[in-house]
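Q: make a model of this:
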Amino acid sequence: MFKRCICFQYKPNNTIKLTFKSAHQLINNPTHFTENSNSIIDVIIVKHTHNVIYSFVSEPILPALTIYHCPIACVLKIAKLKTNNYKRHIWLYDKGDYDEYVTLQHSMDEQCNPQTYETQIQNAQNT
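A: As a prediction, the model looks like this:
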């Protein structure tokens, strides 16, 4: 990580260059214009410049005005990892043995019957 150290460098044409420790400012052209001045009010700061494809200051949205602002843009080269957020389980209902399922269900019902438990306990006590 880089420390939060910002240095302002004033240039003769009233633009400001920001310098972060181990980071770089991409926008160096003015983004805000008035009748008498222009300045950089929008910045893009990155740590790794090799991930930047290009950055630029666009044309003003409403250039007929006396005071106007130019939007900025940056295109980054970032790989998106393909991740699977879920595991799919496919149930093959047409291949199920439903007769066996019903038989197992009946045997489970008989084993869980409270009367069956009482009988088993009595038989265990008598032996």
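Q: helices of the protein, residue ranges please.
A: Taking DSSP state H, the helices of the chain run over residues 98-111, 114-126.
Q: which of the residues in the first one are buried?
A: Neighbour-count burial for helix 98-111 flags no residue at all (criterion: 16 or more other CB atoms under 10 Å). Where you see a C-beta, it was placed from the backbone N, CA and C, and this is true even at glycine.
Q: quick one: mean pLDDT for that helix?
A: Helix 98-111 shows an average pLDDT of 81 in the prediction.
Q: circling back to that earlier point, got a markdown table for the helices of the chain, with distance to T49 too?
A: Listed next are these as a markdown table, based on distance: least, CB to CB, whole Å:
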| stretch | distance to T49 |
| --- | --- |
| helix 98-111 | 63 |
| helix 114-126 | 74 |
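Q: those: which one's closest to L92?
A: helix 98-111 (12.5 Å; CB to CB).
Q: which strands or helices does the closest one pack on?
A: Using 3 or more CB pairs under 8 Å, 6 or more residues apart in numbering; DSSP states H and E as the contact test, no helix or strand touches helix 98-111.
Q: centre of the chain versus that helix, how much separation?
A: Relative to its chain's centre, helix 98-111 lies at 48 Å (CA atoms, centre = their mean, to the nearest Å).
Q: what about the strands in this protein?
A: 6-10, 16-20, 24-25, 32-33, 38-39, 45-46, 52-57, 68-69, 72-76 (DSSP state E).
Q: would you single out the least confident of these?
A: It's strand 6-10: among the strands of the chain, that one has the lowest mean pLDDT, namely a mean of 47.
Q: what about the closest residue to F56 other than its chain neighbours, how many neighbours?
A: Counting by CB to CB, 6 or more residues apart in numbering, A73 is the residue found nearest to F56 once chain neighbours are left out, at 5.9 Å. Residues near A73, counting by other CB atoms under 10 Å, number 11.
Q: which residues does A73 contact?
A: Taking CB atoms under 8 Å, 6 or more residues apart in numbering, we find A73 in contact with 55-56, 58.
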